[in-house]
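1. Got a sequence here, can you model it:
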Amino acid sequence: MNIEHLMTEEGMREFTAKCRDKHQLAHTQYAQIGEVLKQRLLNQAPLTGDRWYHRRVRAWQVKRQYTKLARLSRKAVGAAEAANTVFRTNVLEVEGRREQKALDKAQRKQSRRDASGGFVEKSLAKSADAFNGVSAQVTDGNEQPVTYLDPEPAPMQMASGSGIQPTGTVYDHFPKGGRR
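-> So this is what the prediction gives:
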C-alpha cells in the first residue's frame with residue numbers, strides 16, 4: 001500500500017471501499033453461518049441427559065454469538081464510510097473551506113462599504129477637519145455675540161429670621177408621622 005496514494009481522495013476512497021466490502025461480506029457470512037448452525041442444532045438428535053428445551057437453548061446461544069459478529073461487521077461498514085468522510089472533510093477540504101470563508105468575509109466587508117455610501121469616510125474627514133481647526137459649519141458673517149446666562153437666576157433663601165419662609169420638609173406632604 002502506497003501511503004502517498006492513500007493520502008489522496010481517490011486513494012482513501014479505494015481503501016475504505018475495500019474495507020467496507022470486506023465487512024459487508026463478513027456481515028452476510030456471519031448471519032448465514034449463525035442461521036445454518038441454529039437449524040442444524042435444532043434438528044440434531046438430543047444428547048444424553050437433555051431436556052426438551054436444551055436443544056433450543058444451545059442453538060440460541062450459538063446463533064447469538066454469530067448475530068453479535070454480524071452486528072459488529074455492519075457497524076464496521078458504517079465506520080469505514082465515516083472514516084472516509086472525516087478524512088475528506090478534516091484533511092482534504094479544509095484549505096478550500098478556509099479560502100471560501102475568507103472570500104465571503106471580504107465580500108461582506110466590501111458590500112458594507114458600498115452600502116454605507118461613504119458616510120463613514122465623510123464623517124472621518126469632517127472630524128479630522130474639525131480637529132485641525134477647519135470649521136465645518138457655514139457662517140453668514142453676521143455673528144451674534146455670545147451671551148451667558150446668569151449663574152444665580154433667583155435669590156437664595158436666607159436663614160430663618162430674614163422674612164422669607166423656609167422650605168418645607170418631606171413630612172409636610174404626608175400624613176402625621178409619615179407612616180400608615
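2. From here on, just use CA atoms for contacts and neighbour counts.
-> Noted.
3. Would you map the helices across this structure?
-> Ranges of helices within the chain are 3-6, 9-43, 54-87, 94-116, 119-131, based on DSSP state H.
4. out of those, nearest to residue 146?
-> Closest to residue 146 of the helices of the chain, according to C-alpha to C-alpha: helix 119-131, at 20.6 Å.
5. what angle sits between that closest one and helix 94-116?
-> 60 degrees (axes from the mean of the first three to the mean of the last three C-alpha atoms, to 10 degrees).
6. For residue 49, the count of nearby residues, please.
-> For residue 49, the neighbour count with other C-alpha atoms under 10 Å is 7.
7. Can you give me the distance of it to residue 55?
-> 11 Å (C-alpha to C-alpha, to the nearest Å).
8. For the worst-scoring helix or strand of the chain on mean pLDDT, which helices and strands make contact with it?
-> Ranked by mean pLDDT, DSSP states H and E, the weakest helix or strand in the chain is helix 119-131, scoring a mean of 75. Contact partners of helix 119-131 among helices and strands, from 3 or more C-alpha pairs under 8 Å, 6 or more residues apart in numbering; DSSP states H and E: none.
9. quick revisit: okay, the helices of the chain in TSV with mean neighbour count next?
-> Formatted as TSV, the helices of the chain follow (neighbours: other C-alpha atoms under 10 Å):
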stretch	mean neighbour count
helix 3-6	11
helix 9-43	17
helix 54-87	17
helix 94-116	12
helix 119-131	12
